[in-house]
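**Q** Sequence plus the predicted model coming up.
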Amino acid sequence: MLQYYDPIKSSHIVRSHDPTKDYGTPAVITETGYAPKLLSLSIDGQAITLPEGTSLMRAAAEVDVNIPRLCATDSLKAFGSCRICLVQIKGRKGFVASCTTPIEEGMVVRTQSEDIAKLRRNIMELYISDHPLDCLTCAANGDCQLQDTAGEVGLRSVRYGYSGENHLEMEKDTSHAYFTFDPSKCIVCSRCVRACEEVQGTFALTIDGRGFESKVSASQDEDFSSSECVSCGACVQACPTATLIENSIIDNGIPEHSVLTTCAYCGVGCAFNAQVRGDQVIRMVPHKNGKANRGHSCIKGRFAFGYATHKERITTPMIRNNIEEPWRQVEWNEAVEFAALKIRQIQDKYGKDSVGGITSSRCTNEETYLVQKLIRAAFGNNNVDTCARVCHSPTGYGLKTTLGESAGTQTFDSIQKADVIIVMGANPTDAHPVFASRMKKRLREGAKLIVIDPRRIDLVKSPHVKSEHHLALMPGTNVALLNALSHVIVRDGLEDKNFIDSRCEKESFLQWKRIIGENKNSPEALEEAIGVPAKNIIAAAHLYAKARNGAIYYGLGVTEHSQGSTAVMAIANLAMLTGNLGREGVGVNPLRGQNNVQGACDMGSFPHELPGYRHVSIDEVREPFEKLWGVKIRPEPGLRIPNMFDSAIEGGFKGLYCQGEDIAQSDPNTQHVEEALRSLECLIVQDIFLNETAKFAHVFLPGASFLEKDGTFTNAERRISPVRRVMSPLSGKADWQATMALSNALGFDMNYRHPSEIMEEIAKLTPTFSGVSYERLDEEGSLQWPCDSEAPYGTPTMHIDEFVRGKGFFAVTEYVATDEKIGKRFPLLLTTGRTLSQYNVGAQTRRTENLQFHTEDVLELHPYDAENRGIVGGDMVQITSRSGQISLRAKLTDRVQPSVVYTTFHHPGTGANVITTDNSDWATNCPEYKVTAVEVRKIKSNSAWQSQYEAFTKRQEFFLQEAKT
Amino acid sequence: MTDRELAHLIKMANQITINLAYGDSLEQSAGRVSDHIVRFWATPMKNKIKSYAQDGGQELHVITKAAVLRLS
Ligand code: SF4
Ligand code: SF4
Ligand code: SF4
Ligand code: FES
């Protein structure tokens, strides 16, 4: 039986919380298993009992006595600098700061008296005498705690006058794209500095100088844009005045209402309050009670929402007969009729299996579900896949095989209990920034870190964080390294025998153990291939195996390999071997890329699985769907994305419906993909922009951004969170409505009135979702599946007493070197990754001010390799692989080791995927993005592909213009 | 070979074999490989590789070939 465990309920946070209220200091969280000591006191005559460690300020807030404060806020530790929060305690002399004074048994506290009021007014007077009195024209007017506090303490006059020495003439720092720093309004409460340290973990801000001279500065007196600041905005949110303020507030004023929704960028799935005026989003503020983000966010979610109203948004359906023709704008009806007719003609001519579709990991669960339903029911085949094919499909396969469920095992909160953390093939500070902040916090508390990555990612060394081991392996040797780690643990007898005996299949374990114990899997035998000394591997294995709680976090650097699935299984083996599963602080955690890639997988986007990861060949699985949908479902798996491409080129596959996915840019071996797309007779693209894929399309259906629709996203913790409509869809239809229209045109009726009805259907057909509904989501804020009658509150930690598959399965994970080998012609290994400010192929982030944080993709290479080739930093270089050729600007850095080069792929003109090959994972066809043998040389001009790309893009842009005129 | 789709299928099938042959009997290994193909490959792909195997299947590993010939 699965058990659920709720960290909130078991961490004894005593009272229920109003997320809109600031309690002044953080709640006390006690380790699980320990009951907190409760203390009783009286505040202004009201009795209250709270856990030891609670501040007087928080205790007062619990009985609705809100003590004035300036330097305190409940997202930060108490600091005690402003003194405005003074209170009196019976039997003690003088006054104490309520934010820094803990409650004691029997205390009698007064928060109001003549004396207190006078003192507070005096303090306030000092602040105000050095503050510009331009409240009426200040951007924070109406949203300023200094203003509020002056009101609360009843300040009426300032005896000192305003002519003394002051800071009123200080210059503004407007260097940042999204916020402004106006030091003349600073009250030096240091909330910003503490937010940057405690919440974000970047340590970019300091208070320079003392006393009157003290001021906030970004990284030793630089402006924000050139400091270490990563633009998370935590400081802006923490600032009680207009000193740090969003430019959008300066430009538009204070928002008038707020809608709770979920970020549409990465797999962390941060909860946000979209603060709106009319239907214009003014700012996004991370939601304090958001269980994935706990009130924090990154630059993308907080600031990069402007793409939703970008001028390049396409809001009218368009059609054309062939891709060398201009587009024609049409009504929705005509567009879907045109598409449906084409699809049916293709099926008549080439057979039922000649068409298929791709669901989007950016759209909602409900929308993804509808697309796979359309394909299985209206197209009548299982040719449905999703972009997870190219990222985490090996996670699905690997975790299902070993543990029985295709998803991560923990909550993000779980990291608070981890003692040793392995980060493998992931770069959380860039790709999952909010989670990275949580991780850094735990590392600052003393947890140990092992980084397994060919490149020196920021976590290896950053302020107050340093990894114990950085195993800088050669790209393509993940499985070798994981096997070596397991080999050491077995060889040195460090395995958790009890766990293995009671929780795992004996036979598979013995077979695995025999093979892992062979000498070929020892670190000594493998060190040369891996490129990491055996002794470092041994030390890392010991550190992990001996940890009380060891947690593994991994990303695409694990999955996007020819042995991606093997590596995932090797990771699961390692966790089972050491008993690191089934409780908080441990686990196997895939860090998933896109906002709803988990959801897309859950919703049956794979050609072999119906919603809930159940194989299409099983009669009992198909039956309920067939009954409800009124059609027969094919019992055989359909084509995966790469298979669709192969078949298209050979002439067997002719029609594709592609929702919110830019396969022409994001899939490997671009020229091969382009050839496949050109072979299609009908390509239907549904997107918010004319993306790279749409340039090959015959039908364009305008998509809606996450601000334009209701629905749900599911993040990497299996957490289903609500997405709510803030403005109406610019095209008149949300994506689920577009899919419905297409389905109806195809003659398969869909008549949902609201996405909640789609969720009802999902819950009815998917056992792990049976307890999910919009009502339950409203009540709980979010729910982690499995959510059913046994676990009505969802399942934060999986596999507690038993694995989903019953006994854990040790899969044999033999290391097989990739075919992509370096040699004379291609002596370097290229690996790819992401950067913080950009998201995936960049379609959204490039259309916001984020562009200025990353204007081009560059090639990182080691100075040693550069010197050998006569390359200096800033040179244009040509990168050639077996698949193709591109050119980029070179950046010399020792972040990569000699013989490894690295780039990002956020700009389409870069064509990073022109050179990636179509090698893929043996089990799932997930492409081997992370290893490509290349040669690099200095050049003067663009590659042939890039010139061709530019010409083609120009032509397609012309075709778009034609449609608009 | 001109059929790139077939070339790719052959490569994929052999890759499955390399990863699922644990050094036990041909029977056992071929069983695992064919199970995998049954569960994850679309019908047209299975048909294509099967007819290739029936025509001799030159480039298929022995285990792969045995596995493919088992497909019903
Ligand atoms: S935006 Fe974030 S990183 Fe930058 S200074 Fe503020 S808290 Fe620090
Ligand atoms: S900038 Fe804002 S948060 Fe920072 S010290 Fe000044 S007033 Fe406080
Ligand atoms: S991009 Fe990811 S980390 Fe950043 S705000 Fe959105 S969900 Fe959170
Ligand atoms: S709020 Fe307590 S000292 Fe500032």
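**A** Good, I have the coordinates. Ligands and ions are numbered 1, 2, ... in the order given.
**Q** For the rest of this, base every contact and every neighbour count on C-alpha atoms.
**A** Fine.
**Q** Which single residue in the stretch 651-800 of chain A comes nearest to ligand 4?
**A** Using Cα to the nearest ligand atom, the closest approach of the stretch 651-800 of chain A to ligand 4 is made by A:Gly781 at 29.9 Å.
**Q** Now do the same contact list for that residue.
**A** A:290, A:721-722 (Cα atoms under 8 Å, 6 or more residues apart in numbering or on different chains).
**Q** Show me which of the residues you listed is closest to ligand 1.
**A** The closest of the contacts of A:Gly781 to ligand 1 turns out to be A:Gly290 (Cα to the nearest ligand atom; 18.5 Å).
**Q** do you know how far the nearest residue to that closest one once chain neighbours are set aside is from chain B?
**A** In space, and not counting its chain neighbours, A:Gly290 is closest to A:Ala271: 5.0 Å by Cα to Cα, 6 or more residues apart in numbering or on different chains. Distance from A:Ala271 to chain B, counting by Cα to the nearest Cα, to the nearest Å: 36 Å.
**Q** show me the contacts for A:Ala271.
**A** Applying Cα under 8 Å, 6+ apart, the residues near A:Ala271 are A:260-263, A:286-287, A:290-293, A:295, A:721.
**Q** can you check B:Glu5 too?
**A** Shown in contact with B:Glu5 (Cα under 8 Å, 6+ apart): A:646-647, A:649-650.
**Q** Next one: A:Asp221, what pLDDT does it get?
**A** The predicted structure scores A:Asp221 at 63 on the pLDDT scale.
**Q** in stretch A:429-446, what's buried?
**A** Judged by neighbour count (16 or more other Cα atoms under 10 Å in any protein chain shown), stretch A:429-446 contains these buried residues: A:429-444.
**Q** So for the lengthiest helix in chain A, mean pLDDT?
**A** The single longest helix within chain A, with elements called by DSSP state H, is helix A:944-964. What helix A:944-964 shows for mean pLDDT is 80.
**Q** before we move on, what about stretch A:506-515?
**A** Taken as a whole, stretch A:506-515 has an average pLDDT of 92.
**Q** quick check, it touching chain B?
**A** No: residues of stretch A:506-515 contacting chain B under Cα under 8 Å from any Cα of the partner chain: none, with a closest distance of 8.7 Å.
**Q** With just CA atoms, put that stretch into CSV.
**A** What follows is stretch A:506-515, C-alpha atoms only, in CSV (Å, rounded to 0.1, in the frame of the first residue of the first chain):
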residue,chain,number,x,y,z
LYS,A,506,16.4,-11.1,-4.6
GLU,A,507,17.0,-12.7,-7.9
SER,A,508,17.6,-9.6,-9.9
PHE,A,509,19.8,-8.2,-7.1
LEU,A,510,22.0,-11.3,-7.1
GLN,A,511,22.4,-11.2,-10.9
TRP,A,512,23.1,-7.5,-10.8
LYS,A,513,25.6,-7.9,-7.9
ARG,A,514,27.5,-10.6,-9.7
ILE,A,515,27.9,-8.4,-12.8
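**Q** Touching that stretch from outside, list them.
**A** Counting by Cα under 8 Å, 6+ apart, residues outside stretch A:506-515 touching it are A:490, A:500, A:809-812.
**Q** Using JSON lines, lay out those residues together with distance to A:Asp710 and pLDDT.
**A** Formatted as JSON lines, those follow (distance: Cα to Cα, whole Å; pLDDT from 0 to 100):
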{"residue": "A:Val490", "distance to A:Asp710": "50", "pLDDT": "94"}
{"residue": "A:Ile500", "distance to A:Asp710": "45", "pLDDT": "93"}
{"residue": "A:Phe809", "distance to A:Asp710": "40", "pLDDT": "92"}
{"residue": "A:Phe810", "distance to A:Asp710": "42", "pLDDT": "93"}
{"residue": "A:Ala811", "distance to A:Asp710": "41", "pLDDT": "90"}
{"residue": "A:Val812", "distance to A:Asp710": "44", "pLDDT": "89"}
